[in-house]
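K.L.:
Make a model of this:
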Amino acid sequence: MGRHSLPDQYGAGGSDPRPRARRRTVAVATALVLAIAGGTAVAVQSGLLSFGSSCQDDPVRLKLAASPDMAPALREAAKQAREDDLTSDGRCVAVSVSARDPYKVADALATGEKADVQVWVPDSDVWVQQVSADSGATQVTPAGTVASTPVGVAMVPSAAKSLGWPKRTYSWMELAGASLQDDALRLGAADPARSATGLLALTQVGTAAGRIKGGDTQAAAVMKTLAQRTSDSDTQVLDTLPRDSSGTEQGNPRRNQALILSEQAAFAYNSSAAGAGSLDMFYPKDGSPRLDYPYTLVDQTRLSTDENRAAIRFMTYLRQPEQRRVLEKYGFRTSADEVSQALVTKAGGSSPQPYAQPAARPADEIALQEALGTWTITVQSARITTVVDASASMSEPVGDTGQSRMDVTKASLLQALATFTPEDEIGLWDFSTKLDGDKDYRVRVPTERLGDRAGEGTQRDLLSAAFSALAPVPNGATGLYDTTLAAYQAATSSYDKGKFNALVILTDGVNQDPGSISRSDLVERLEQLTNPERPVPLIMIAVGPDADREEAEQIAKATGGSGHEVSDPSQIHSVILQAIVAAGARGSRG
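P.N.:
The predicted structure is shown next:
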């Protein structure tokens, strides 16, 4: 059978009695021969005579890395598998389980180096997606899911009671917004850059915000508040709960009364001596995303046939009723259709909280990247100068929408602007050829803090008006190279150490200024200006069919940035946020 074939047909702990019988016959025959030779005692002492040999003598050994919440359950299952003599093709399956934070495993796999495990069970498919999207990463192959648990908001009883728990239900935006309205209701979460629980909840907030007027600004405010109360992991965020029975711990502003938490984490906390059933659980009415614990083969092409089949064998073993009960004992759900009332109760859930409704639709990769991009610039604050192509070609129509490239670009930039907070610094340049005397570019709005006063309004108001006023220059060509160099010089010279610094250039064509520097000279100058200690990644976005993505990538790469291509200008907002996430990840690894 091939590498992808199913495990052997025998059940857990089962084995074919015939080979065992043959072994017994051979052993008896051997004993007789040795006895006749007068060496029975010597044979026993030397190990030639074996009574009751076991498949454990030569097991297939699997190393499995699991998220810390899942690891204890899988260790118990692995122990039971050894006791059951779980076999694959007649050989025992010996599984060792280590607890590892999913983001750390994802970072290690991203390096492309040989993995030290054959199986990985992170808490969410978002980590598998992240690794799979990196062409240089180690290959990962999802083979199924182990269990699931919904994500909601857990609160100490006093806070839950103030919000009408359990009878009153809330959406994600309403629950998050409650922490903005009430200083006494402090909401904590694990860092979405390191926690799938935090990221999935953040994405739900972002999705919900997109359905209401002014939602983007409100979501950014929620993120800004939440960013001040994040921890690295769900385990650490639980340590921020009050330690007194009243749930208030007055005078200690570091304590949170509410946490974005998985049902399983609330279950484990309430089951512990420290928790003692002290958390109540809200399940948002607009849907709870779920951690899905994908059973993932690591670098499958390097696995031996025995390892591959044994890994699949253990996965099917976990689906047996006895092992499902083990997972449920640790607070995990093992069925999408049946929800254990005892599990929900111990996690702090109660009717009529919608704990049994289907999980929220999984967020797509774009939504996840947008949420993480918004989070990155919200937490760190940003200093970003946006440079927009104003050449005549920007007046070209986009499909049959009746809008030009510039129209759609402006709308996308305004959408992006709404995700920035008053602490962020944003500026605007536009460019064509000889737009300002001999210069191909001009500064429309200097890069300043959005919350600062500017004229009769704020910097945000000024930028909003400037974005709306962008227009193609009649007969204008694309003066890309000189503009890029000038903008990058300005961005690096005004670097702000406390912020995420970047330069975003949008162009729908190639350089058309014959008097400008060459591409090779531009790349060389950019490399000279780049300082790893003061990173300013250039994010260059090639818009439309006339732009050159290869050129954009070459130019941006010189600064540690990235080049992108969009066929539809409405995608600009998403691409900017995705690029910010990528640049932030490279910066943290560097």
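
K.L.:
Could you check stretch 223-237 and say which residues are buried?
P.N.:
By 16 or more other CB atoms under 10 Å, the buried positions in stretch 223-237 come out as 223-227, 229-231, 233-234, 237. For the C-beta atoms, the positions are set from N, CA and C on the backbone; glycine is no exception.

K.L.:
Contacts for it, please.
P.N.:
Applying CB atoms under 8 Å, 6 or more residues apart in numbering, the external contacts of stretch 223-237 come out as 68-69, 101, 176, 179-180, 186-192, 194-195, 197-198, 202, 205, 239-240, 256, 259-262, 265, 374-375, 378-379, 421, 423.

K.L.:
now, which of the buried residues of stretch 223-237 lie within strands?
P.N.:
Counting by DSSP state E, the part of the buried residues of stretch 223-237 found in strands is 230-231.

K.L.:
from the buried residues of stretch 223-237, which single one is nearest G498?
P.N.:
A227 (14.2 Å; CB to CB).

K.L.:
For burial, what's the neighbour tally of A471?
P.N.:
Using other CB atoms under 10 Å, A471 has 14 other residues around it.

K.L.:
actually P192, not the one I wrote
P.N.:
27.

K.L.:
Quick check: nearest residue in space to the spatially most central residue of the chain, chain neighbours excluded?
P.N.:
When the chain is reduced to its mean C-alpha position, the closest residue under CA atoms, centre = their mean turns out to be V126, at 4.8 Å. Sequence neighbours aside, A196 is the residue nearest to V126 in space, at 5.1 Å (criterion: CB to CB, 6 or more residues apart in numbering).

K.L.:
so how far is T334 from the one you found?
P.N.:
Plainly put, A196 is 19 Å away from T334 if you go by CB to CB, to the nearest Å.

K.L.:
Same drill for the two, tell me which one is more crowded.
P.N.:
Between A196 and T334, A196 has the larger neighbour count (other CB under 10 Å), namely 25 against 20.

K.L.:
If you count neighbours, what's buried in stretch 356-368?
P.N.:
Under 16+ other CB under 10 Å, the buried positions of stretch 356-368 are 359-360, 362-363, 367-368.

K.L.:
Then stretch 407-426?
P.N.:
When burial is assessed from 16+ other CB under 10 Å, stretch 407-426 yields the following buried residues: 407-413, 415-421, 423-426.

K.L.:
do stretch 339-357 as well
P.N.:
Buried, per 16+ other CB under 10 Å, within stretch 339-357: 343-350, 353-355.

K.L.:
And stretch 273-285, by the same measure?
P.N.:
275, 278-285.

K.L.:
now, among those residues, which is nearest to F500?
P.N.:
P284 (29.9 Å).

K.L.:
How about the contacts made by A196?
P.N.:
102, 122-124, 126-127, 291.

K.L.:
Pull up the gap between it and D239, please.
P.N.:
Distance from A196 to D239, by CB to CB: 19 Å.

K.L.:
picking up where we left off before, state the mean pLDDT of the strand or helix carrying the residue nearest to the centre of the chain.
P.N.:
Secondary structure assignment for V126, by DSSP states H and E: helix 125-132. Averaged across helix 125-132, the pLDDT comes to 94.

K.L.:
what's the answer for stretch 270-281, then?
P.N.:
For stretch 270-281, the per-residue pLDDT averages 88.

K.L.:
circling back to that earlier point, quick check, the residue nearest to the centre of the chain in contact with G198.
P.N.:
No - assessed by CB atoms under 8 Å, V126 is found out of contact with G198, at 10.7 Å.

K.L.:
Determine the number of other residues adjacent to D57.
P.N.:
Neighbour tally, D57, other CB under 10 Å: 9.

K.L.:
how near is it to R91?
P.N.:
Here D57 is placed at a distance of 9 Å from R91 (CB to CB).

K.L.:
Could you list which of the buried residues of stretch 407-426 belong to helices?
P.N.:
407-413, 415-417 (DSSP state H).

K.L.:
What are the structural domain limits within the protein?
P.N.:
17-145+294-329, 149-291+339-353, 381-589 (automatic domain parsing).

K.L.:
For I366, see how far away V504 is.
P.N.:
For V504, the distance to I366 - CB to CB - is 18 Å.
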